[in-house]
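# pasting the structure only:
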């Protein structure tokens, strides 16, 4: 079932918020865009297409996303870098359970200290979105299917 | 004449479908987004700006698009690759014939086996869209004007 | 305060016009998208985040934007090049003064003569938009915050 204009706009705003907190912070707000019992997976396209379950990043609750944020900020050694997302060509429909199934294309550019920007990752999001009691939208499931066959050696920040 | 909200959304959905079938398949559905008597042209920007008619790809019916799909799948020798489109900044207006004239910016990223993603092509679409009897939108004419002066040596997949 | 559908569409159309005149011209129309007393700044992200005022390009009126256009066309020595913008993930709200505050992500690709396209700049726009007497939208302030720490050696065209 296709969404009405107001719902469609809310879905687009959710993706805009998603890009914003990852690119410009505060990163602590990233988990707030998910439900408590969410599923977040980053999967190479080849694996996904073959039905292989292996994900390079797997979080099974909002708490695990919060752990991930702390790891990025405190634990993982990494060069400083900036990311910039472009999330486009979103299609969203309501399924029979009242949840929203959404697909979008994304590109992420990375800027390392003293370097020019480069393409870091491209792919698509396969997402399930639910409407909370107060009417806001949250990701119930997010699958990041990235096109490169190579596993980038350092996925530090979430995609 | 500017489009109403519902028509504008349908135009955006058409571009989203266009990106989807090229990036994630099935590629056989790509010709279905065009009318039977469509025109599909891929033209270097320099030629287009000078009014030169030469196109690096030219299809004058949906049947020719279907031939192109078969060629990609069966005939042309090419390395496996993934494409990812981002189609943005769409402007669409209705002309006096009831057709929709649409312009959009696009980027296409390419991922070759074992490599990181790179920018493959950027440019714009200059399109004419018609509404079929059952209310769906189809490309009547599509001109892909790509910015690079270089002809990429292998345009395998449609842009 | 969030915008109604019609205002939201006008904001998106303004960004589409912005991309169009920079990418496909005529460049002379670029200043027309700003108010007479506009402010246009291009600022490296590091400076912006630290509250440093230094901008690599600063124009404090539409007249200065027109000077910039003339400089690009007549004075500055530069290789011929094409640009292509993608402006996405726009969020816009109305503030208490009746102005629209808008944030958007952008990428700009550059194609030099005889070369393949490459990522030139990525970042975000932090903009203030006003509605003129005849109902059209114009940029009152535009801050281009680009992510690279490096100052690209040749910002010829506006971003």
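Yep, that arrived. In this text, all values refer to a predicted model and were calculated from it rather than measured experimentally.
# List phi and psi for residue A:107.
Here is the backbone geometry of residue A:107 (degrees, to the nearest 10): phi -130, psi 150.
# which residues does it contact?
A:85-86, A:119, A:121-122, B:84, B:86, B:107, B:109, B:117, C:107 (C-beta atoms under 8 Å, 6 or more residues apart in numbering or on different chains). No exception for glycine: its C-beta is placed from N, CA and C like everyone else's.
# hmm, try it at 10 Å
For residue A:107, the contacting residues are A:84-88, A:119-123, A:147, B:84-86, B:107, B:109, B:117, B:119, C:86, C:88, C:107, C:119, C:122, by C-beta atoms under 10 Å, 6 or more residues apart in numbering or on different chains.
# Near chain C, which residues of chain A are found?
Those residues of chain A that sit near chain C, judged by C-beta under 10 Å from any C-beta of the partner chain, are A:5-6, A:9, A:12-13, A:15-20, A:23-25, A:80-89, A:106-119.
# List only buried entries from these.
The neighbour-count criterion (16 or more other C-beta atoms under 10 Å in any protein chain shown) marks A:12-13, A:15-20, A:23-24, A:82-89, A:106-112, A:117-119 among the residues of chain A next to chain C as buried.
# out of the contacts of residue A:107, which are inside strands?
A:84-88, A:119-123, B:84-86, B:107, B:109, B:119, C:86, C:88, C:107, C:119, C:122 (DSSP state E).
# What about residue A:127, how many residues nearby?
24 (other C-beta atoms under 10 Å in any protein chain shown).
# first to last residue in stretch A:38-53, what's the distance?
17 Å (C-alpha to C-alpha, to the nearest Å).
# near chain B, anything from that stretch?
Yes. Residues of stretch A:38-53 contacting chain B under C-beta under 10 Å from any C-beta: A:45-46, A:49.
# Give me the distance from the longest helix along chain A to the chain's centre.
Ranked by residue count under DSSP state H, the longest helix found in chain A is helix A:5-24. Centroid separation for helix A:5-24 versus its chain: 11 Å, with C-alpha atoms, centre = their mean, to the nearest Å.
# most distant residue from the middle of chain A?
Distance from the C-alpha centroid of chain A peaks at residue A:114, with 26.7 Å (C-alpha atoms, centre = their mean).
# Need phi/psi at it.
Geometry field for residue A:114 lists phi and psi as phi 80, psi 10, criterion degrees, to the nearest 10.
# quick one: contacts for it?
A:79-80, C:148-150.
# Can you select the buried ones among those residues for me in ChimeraX?
Command for ChimeraX that selects the buried part of the contacts of residue A:114, burial taken from 16+ other C-beta under 10 Å:
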select /C:148,149
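# Between the contacts of residue A:114, which sits nearest residue B:34?
Checking the contacts of residue A:114 against residue B:34 by C-beta to C-beta gives residue C:148 as the nearest, at 39.8 Å.
# contacting residues for the closest residue to the closest one other than its chain neighbours?
Leaving aside its sequence neighbours, residue C:148 sits nearest to residue A:111 (C-beta to C-beta, 6 or more residues apart in numbering or on different chains; 4.9 Å). By C-beta under 10 Å, 6+ apart, residue A:111 lies in contact with A:80-84, A:117-118, A:120, C:45, C:119, C:121-123, C:146-150.
# ok, now with 7 Å
With contacts taken as C-beta atoms under 7 Å, 6 or more residues apart in numbering or on different chains, residue A:111 has the following neighbours: A:81-82, A:117, C:147-148.
# so which of the residues you listed would you say is closest to chain B?
Of all the contacts of residue A:111, chain B sits closest to residue A:117, with 10.9 Å by C-beta to the nearest C-beta.
# So, low pLDDT: which residues of chain A?
The model of chain A has pLDDT under 70 over residues A:77, A:150-154.
# I'd like the contacts of residue A:114 laid out as a markdown table, including secondary structure and distance to residue A:99.
What follows is these, written out as a markdown table (DSSP: H, G, I helix; E, B strand; the rest coil; distance: C-beta to C-beta, whole Å):
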| residue | secondary structure | distance to residue A:99 |
| --- | --- | --- |
| A:79 | coil | 38 |
| A:80 | coil | 38 |
| C:148 | coil | 39 |
| C:149 | coil | 42 |
| C:150 | coil | 44 |
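# Residue A:3: what's it in contact with?
By C-beta under 7 Å, 6+ apart, the neighbours of residue A:3 are A:11, A:92-94, A:100.
# cutoff 10 Å now
By C-beta under 10 Å, 6+ apart, the residues touching residue A:3 are A:9-11, A:91-94, A:100, A:102, B:9.
# Residue A:8 too?
Taking C-beta under 10 Å, 6+ apart, we find residue A:8 in contact with A:2, A:90-92, A:100, B:5, B:9, B:12.
# With residue A:33 instead?
Contacts for residue A:33 (C-beta under 10 Å, 6+ apart) come out as A:14-15, A:17-18, A:20-22, A:62, A:65, A:129, A:136-139, A:142.
# Residue A:37 now?
A:60-63, A:140-141.
# looking at these, which has the most residues close by?
residue A:62 (20 neighbours).
# Check the spacing between that one and chain C real quick.
Residue A:62 sits 23 Å away from chain C, going by C-beta to the nearest C-beta, to the nearest Å.
# Confirm for me that that residue is in contact with residue A:40.
Yes. Contact criterion C-beta atoms under 10 Å: residue A:62 and residue A:40 qualify, at 9.1 Å.
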